[in-house]
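Peer 1: What follows is a predicted protein model with its sequence.
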Amino acid sequence: TIRPVCLPQYDHELPEGTLCWISGWGYTQPDDGHIPDTLKEAQVPLISTKKCNSSCMYNGEITKRMLCAGNTEGNVDACQGDSGGPLVCQDNNVWRLVGVVSWGTGCAESNHPGVYTKVSAFLGWIYGIIE
């Protein structure tokens with residue numbers, strides 16, 4: 001079932017490890033050029049900014065306007081063609097658009113989780129546009 005998703009709340013951070021969902025029409029294998037015939041989805045856990053900024057991950061590249069999600073061992077991630085797609089998380093039984101697929105190092109590589117635009121950082125702008 002496809003339904004509208006709620007926006008996140010101001011200044012409300014979901015804890016590290018919260019299981020969220022990504023979906024998209026992007027590559028299912030890095031650089032294979034194959035675009036799926038059906039919409040794909042995957043579950044990914046949120047990763048703290050502190051952990052994502054560690055020297056073994058993104059070494060300080062993650063700003064307050066970004067967030068990370070994925071398994072540290074890799075295997076599951078958004079990929080080329082998924083950019084702009086949703087990262088949705090359930091928060092008190094309400095589905096919220098927490099992130100937008102942005103970038104990463106490769107696809108599903110260990111210690112390089114997906115990086116997402118943090119929607120809550122842009123709520124003022126979003127509400128200014130839609131109201």
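Peer 2: Received it, and whenever you're ready, just let me know what you need.

Peer 1: Name the residues that touch the one helix or strand G128 maps to?
Peer 2: G128 is located in helix 123-130, with elements delineated by DSSP states H and E. Residues from elsewhere that reach helix 123-130, judged by CB atoms under 8 Å, 6 or more residues apart in numbering: 7-8, 10, 119. For the C-beta atoms, the positions are set from N, CA and C on the backbone; glycine is no exception.

Peer 1: The same query, at a cut-off of 6 Å, please.
Peer 2: Y10 (CB atoms under 6 Å, 6 or more residues apart in numbering).

Peer 1: How about stretch 39-57?
Peer 2: 14, 16-23, 58, 60, 62, 68-70, 76, 111, 113.

Peer 1: What residues sit buried inside the helix holding G128?
Peer 2: Buried residues in helix 123-130, counting neighbours by 16 or more other CB atoms under 10 Å, are absent.

Peer 1: Likewise for stretch 71-86?
Peer 2: Within stretch 71-86, the residues that count as buried by 16+ other CB under 10 Å are 71, 76-82, 85-86.

Peer 1: Let me have those residues in JSON lines, extended by distance to G104 and pLDDT.
Peer 2: Formatted as JSON lines, the buried residues of stretch 71-86 follow (distance: CB to CB, whole Å; pLDDT from 0 to 100):
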{"residue": "N71", "distance to G104": "12", "pLDDT": "94"}
{"residue": "V76", "distance to G104": "12", "pLDDT": "94"}
{"residue": "D77", "distance to G104": "6", "pLDDT": "95"}
{"residue": "A78", "distance to G104": "7", "pLDDT": "95"}
{"residue": "C79", "distance to G104": "8", "pLDDT": "94"}
{"residue": "Q80", "distance to G104": "10", "pLDDT": "92"}
{"residue": "G81", "distance to G104": "13", "pLDDT": "93"}
{"residue": "D82", "distance to G104": "10", "pLDDT": "96"}
{"residue": "G85", "distance to G104": "13", "pLDDT": "98"}
{"residue": "P86", "distance to G104": "16", "pLDDT": "98"}
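
Peer 1: Please type out the PyMOL selection for whichever of the contacts of stretch 39-57 turn out to be buried.
Peer 2: To isolate the buried ones among those in PyMOL, judged by 16+ other CB under 10 Å, type:
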select buried, resi 14+18+20+22+23+58+62+68+69+70+76+113
